[in-house]
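In: sequence and predicted structure are below.
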Amino acid sequence: MILFRATIEGMTIIPYVRMTQRSKWSKPARRYLNSQEQLAWQLKKHWTGKDGIDYPVEISYAAHFPTKHHRDNDNVLKALQDALQYAGIVINDKWIQGTGKTRIYYDGKARLVIELRRL
């Protein structure tokens, strides 16, 4: 059963950047955090539930990027998990316990299709 589905056009996902308290103010970290805020806002627009998800779910996504610059699938997944938690859709990203289809396309578009299913 699909709990959540969103298609976001025109937004490029910035993959996860490892941060410490000190490096949080660096340019790559600030860029990532700003991206998280924008992505969370877009995801929140598609959320119709009252409360956040607090039970095991599986995530599936297709991320389309405008350039062929390599992105690591794990870092894109972590960025999406963080954004879902930041948006309040998932209470804690520990509830995202499964991964379904994950695809990265380099087709000249900036687009994200994301689904959450109950386990």
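Out: Nice, thanks for sending it over.

In: M1 reaches R117, doesn't it?
Out: Yes - M1 lies in contact with R117 (Cβ atoms under 8 Å); the separation is 6.4 Å. Glycine gets a C-beta too; all of them are placed from N, C-alpha and C.

In: phi and psi next, for the residue nearest to L84 when sequence neighbours are not counted.
Out: Spatially, and ignoring its direct neighbours in sequence, L84 is nearest to V90 (4.5 Å; Cβ to Cβ, 6 or more residues apart in numbering). Note on V90: its backbone torsions stand at phi -120, psi 130 [degrees, to the nearest 10].

In: check what pLDDT V90 gets.
Out: We have a pLDDT of 96 for V90.

In: what do you get for the one 4 residues further on?
Out: You'll see K94 listed with a pLDDT of 93.

In: which of M1 and R117 has more neighbours?
Out: Between M1 and R117, R117 has the larger neighbour count (other Cβ atoms under 10 Å), namely 15 against 5.

In: which residues are common contacts for M1 and R117?
Out: Residues touching both M1 and R117 (Cβ atoms under 8 Å, 6 or more residues apart in numbering): none.

In: residues in contact with the residue nearest to L84?
Out: 52-53, 57, 81, 84, 96, 116.

In: now the buried members of the residues you listed.
Out: Among those, those classed as buried by neighbour count (16 or more other Cβ atoms under 10 Å) are 53, 57, 81, 84, 96, 116.

In: what bridges to the second one?
Out: Beta bridges link V57 to I96, R118 when assigned by DSSP bridges.

In: contacts only, for it.
Out: 3, 90, 95-98, 116-119.
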